[in-house]
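Visitor: what follows is a predicted protein model with its sequence.
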Amino acid sequence: AFTIIYHYLFPQLTMGLAWFLVYWKWRALRTGDEKYNQAVRFWAKIFGLNFAVGVVTGIPMEFQFGTNWAEFSKFAGGVIGQTLAMEGMFAFFLESAFIGALIWGEKRLRPKYHCLAALGVALVQLPLAGSRSSSLQCGGPSRLRLRLHILFSSRASIRERSASSVTTKASIEAQFG
């Protein structure tokens, strides 16, 4: 749980900071004022560092779903698997390419394309916002209670629940055979 709590701070900061980078880069492109480019350079370094720490805490978190919470992953894998795959594809591949162009591409790209790199970083955040926050937005109070019950229930109760579902399947097969 410590890894998830710690990891959850970093994606939220990157999702918010990305749009500030777009705004400052757009202002620099529009006005030609160097103070906006300086702001982009400063905050892009913080953004990159934040992204790196988010990756470092996110990779062990995904492994922990399989090792520490294997029963939970069996039970809820169909729900959380897609969001983890989306985050892996967007955050680790597409977002990192745009971040590289944003941080190291200012002298290599024209100002217009550097602004597009900042916009790309922010736009990649949109699908991630849904997958990253889906663990909190459960679709209503009853589903939230269900998820909290599943999350905080003991392993014994999960085993009992899965054993009863096996018994139910066996009794249905015997009945309708």
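Guide: Okay, I see it.

Visitor: can you pull the buried residues of stretch 20-29?
Guide: Across stretch 20-29, burial judged by 16 or more other C-beta atoms under 10 Å covers Leu21, Val22, Trp24, Lys25, Arg27, Ala28, Leu29. In short, each C-beta sits where N, CA and C put it, glycine included.

Visitor: which residues touch that stretch?
Guide: 33-34, 36-37, 39-40, 43-44, 47, 102, 111-112, 114-115, 118-119, 121-122 (C-beta atoms under 8 Å, 6 or more residues apart in numbering).

Visitor: of those, select the buried ones using a PyMOL command.
Guide: To isolate the buried members of the contacts of stretch 20-29 in PyMOL, using 16+ other C-beta under 10 Å:
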select buried, resi 36+37+39+40+43+44+47+102+114+115+118+119+121+122
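
Visitor: quick one on the thing from earlier: tabulate the buried residues of stretch 20-29 (TSV), appending pLDDT and secondary structure.
Guide: Below are the buried residues of stretch 20-29 laid out as TSV (pLDDT from 0 to 100; DSSP: H, G, I helix; E, B strand; the rest coil):
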residue	pLDDT	secondary structure
Leu21	94	helix
Val22	95	helix
Trp24	95	helix
Lys25	95	helix
Arg27	95	helix
Ala28	94	helix
Leu29	92	helix
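
Visitor: the residues you listed: which two are farthest apart?
Guide: By the measure C-beta to C-beta, Leu21 and Leu29 form the most distant pair in these, at 12.3 Å.

Visitor: re the thing from before, now, the contacts of stretch 20-29 that are in helices?
Guide: Those of the contacts of stretch 20-29 mapping onto helices are 34, 36-37, 39-40, 43-44, 47, 102, 111-112, 114-115, 118-119, 121-122, per DSSP state H.

Visitor: pLDDT score for the closest residue in space to Ala122 that isn't next to it in sequence?
Guide: Leaving aside its sequence neighbours, Ala122 sits nearest to Ala18 (C-beta to C-beta, 6 or more residues apart in numbering; 4.0 Å). Ala18 is assigned a pLDDT of 92 by the prediction.

Visitor: isn't Ala18 right up against Gly120?
Guide: No. Using C-beta atoms under 8 Å, Ala18 makes no contact with Gly120, being 9.5 Å away.

Visitor: which of those two has more residues huddled nearby?
Guide: Neighbours were counted for Ala18 and for Gly120 using other C-beta atoms under 10 Å; Ala18 has more, 28 against 20.
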